[in-house]
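> starting from these lines, generate the structure:
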Amino acid sequence: MEKYRVELTTEERVLLEGLLSKGKHAARKLTHARILLLADAARGTSRTDEDIAEALLVGPRTVARIRKRLVQEGFSAALDHKPQPRRPDKIKIKGDVEQELIRLVCCDPPEGRCHWTLELLADQLVALGKATSLSHETVRQALKKTTSIRGSSRRGACRLMRMATSSGEWRT
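So this is what the prediction gives:
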């Protein structure tokens, strides 16, 4: 594996030491700062990736990645973590399937049931042919992202309306 040489400037070293002394940043950012300081060859004592990994309780591959990102992408890229790319192809419930799910949630549950469960909703969407297979967790995540949950105090497709009772009081 190719090893990248880390040589920090005085300003970068001061910035990293300042980050570590305050300790009010994300743990990953602080770990990256420690890796960069220990890997700094400008101080005269360059450590191996294995030594740094053992000292900081991270993997040697992490140390190698941070070195590489510093050399190839720059100081700020090495210090901050790389965000995960969005995966729109992983979203199973969208468009027509989402509308059907909301319609199901807002209507009465099947006979013999007092309310919809996540498993029932997933099975019903599969039975209607809206999806080939769905887990209850997928249904939960889709419902969490909408504001149309029955009984919710927020606005949505299933918002309960206030109605007068025979006693003259209002109920929801």
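
> would you map the strands across this protein?
Assignment of strands within the chain using DSSP state E yields the ranges 163-164, 170-171.

> and the last one, average pLDDT?
Looking back up the chat, that one is strand 170-171. The average pLDDT within strand 170-171 is 58.

> any stretches of this protein with poor pLDDT?
Filtered on pLDDT under 70, the chain yields the residue ranges 1-2, 147-172.

> how about the helices of it, start to end?
10-22, 27-39, 49-56, 60-73, 75-79, 96-106, 118-127, 136-144 (DSSP state H).

> what sits up against stretch 51-60?
Thr31, Arg34, Ile35, Leu38, Ala39, Arg47, Asp49, Glu50, Thr62, Val63 (C-beta atoms under 8 Å, 6 or more residues apart in numbering). Every residue, glycine included, has its C-beta placed from N, CA and C.

> report the contact partners of the first one.
So that's Thr31. Shown in contact with Thr31 (C-beta under 8 Å, 6+ apart): Leu56, Val58.

> quick one, what contacts Arg34?
Residues near Arg34 by C-beta under 8 Å, 6+ apart: Leu20, Leu56.
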